[in-house]
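S.K.: Here is my input, please return the structure:
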Amino acid sequence: MPNETPHDLREVWQSQHVEPKYMSLEEIRNKAAKFEGGVRSRNLRETVVGIGTIVVFLFYLKWFPTPLERAGSCLTIAGILWVIYRMNGRAAAAKVPEATGFETCVSFHRRELEHQRDLLRSIWRWYLGPLVPGIVLFSVSLIGSKVRPDHPGDWWRASPLLLLMVAWFRVTIWLNRRAADRMQKTIDELERTAEQ
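M.R.: Next comes the predicted model:
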């Protein structure tokens, strides 16, 4: 063995037989229950943040005088209400069935993971998309009120709000895609377990 090169050691290491890890019914049931709780917590957190944001935009309705700013606030509130509705409807997690066999439990958990994964991958359509019209209208009207026609440089001072929104959207999409990829790994692991 002392005469083996690093390449030979790598082949020996890679050729070793590794016992596959088997998950029991209880482990899968616990993972499904933990996943359900995580989705429920996420939806509650998002709902609370959404309600807080609605309160802010209700304040904007009274505070900002122009019709465009008010229309932007109303559209943003409508978008947030739609997102809250979807979060607590279609994006809600199903309750883990009490008495199920191994295959039923694996199948249930896989379906829930796939459902949430697909929602995270389509975050633009149902979560961010409804917010775009209101935020854009509100931001443009706010920027327009700060920009003087004879001072084109005002656009650069007034545009950080839109840039912040674009950055927030991009980070949200990126984080949700990462979470969807992690869910796909869990789905793959469940499929291997079901095959075994």
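
S.K.: which parts of the helix ranked longest in the chain are buried?
M.R.: For the chain, the helix with the greatest residue count under DSSP state H is helix 25-63. For helix 25-63, burial by neighbour count (16 or more other C-beta atoms under 10 Å) applies to 28-29, 31-32, 35-36, 39, 43, 46-47, 50, 53-54, 57, 60. For every residue, glycine as well, the C-beta is placed using N, CA and C.

S.K.: Following element in sequence after it, please.
M.R.: For helix 25-63, the following helix or strand on the C-terminal side (DSSP states H and E) is helix 67-87.

S.K.: angle of whatever helix or strand comes next after that following helix against helix 67-87?
M.R.: Beyond helix 67-87 on the C-terminal side, the first helix or strand identified by DSSP H and E is helix 102-121. Angle, helix 102-121 to helix 67-87, by axes from the mean of the first three to the mean of the last three C-alpha atoms, to 10 degrees: 170 degrees.

S.K.: Tell me how far the residue nearest to Leu25 when sequence neighbours are not counted lies from Leu113.
M.R.: Nearest non-adjacent residue to Leu25, counting by C-beta to C-beta, 6 or more residues apart in numbering: Phe102, 4.8 Å away. Distance, Phe102 to Leu113, by C-beta to C-beta, to the nearest Å: 17 Å.

S.K.: between these two, who's got more neighbours?
M.R.: Between Phe102 and Leu113, Leu113 has the larger neighbour count (other C-beta atoms under 10 Å), namely 22 against 14.

S.K.: Would you enumerate the residues in contact with that one?
M.R.: 35, 183, 186-187, 190 (C-beta atoms under 8 Å, 6 or more residues apart in numbering).

S.K.: Then Glu69?
M.R.: 60, 138, 141-142, 145.

S.K.: what residue is smack in the middle of this structure?
M.R.: Asn176 (3.9 Å; C-alpha atoms, centre = their mean).

S.K.: Need the pLDDT of that one.
M.R.: On pLDDT, Asn176 comes in at 95.

S.K.: Cross-check the contact I'm expecting between it and Asp118.
M.R.: No: contact criterion C-beta atoms under 8 Å: Asn176 and Asp118 do not qualify, at 11.2 Å.

S.K.: list the residues that contact both of those two?
M.R.: Joint contacts of Asn176 and Asp118 (C-beta under 8 Å, 6+ apart) do not exist.

S.K.: Tell me which residues touch Pro160, please.
M.R.: Per C-beta under 8 Å, 6+ apart, neighbours of Pro160: none.

S.K.: Poorly predicted segments of this structure, please.
M.R.: Low-confidence segments of the chain, defined by pLDDT under 70, are located at 1-22, 99, 145-158, 196.
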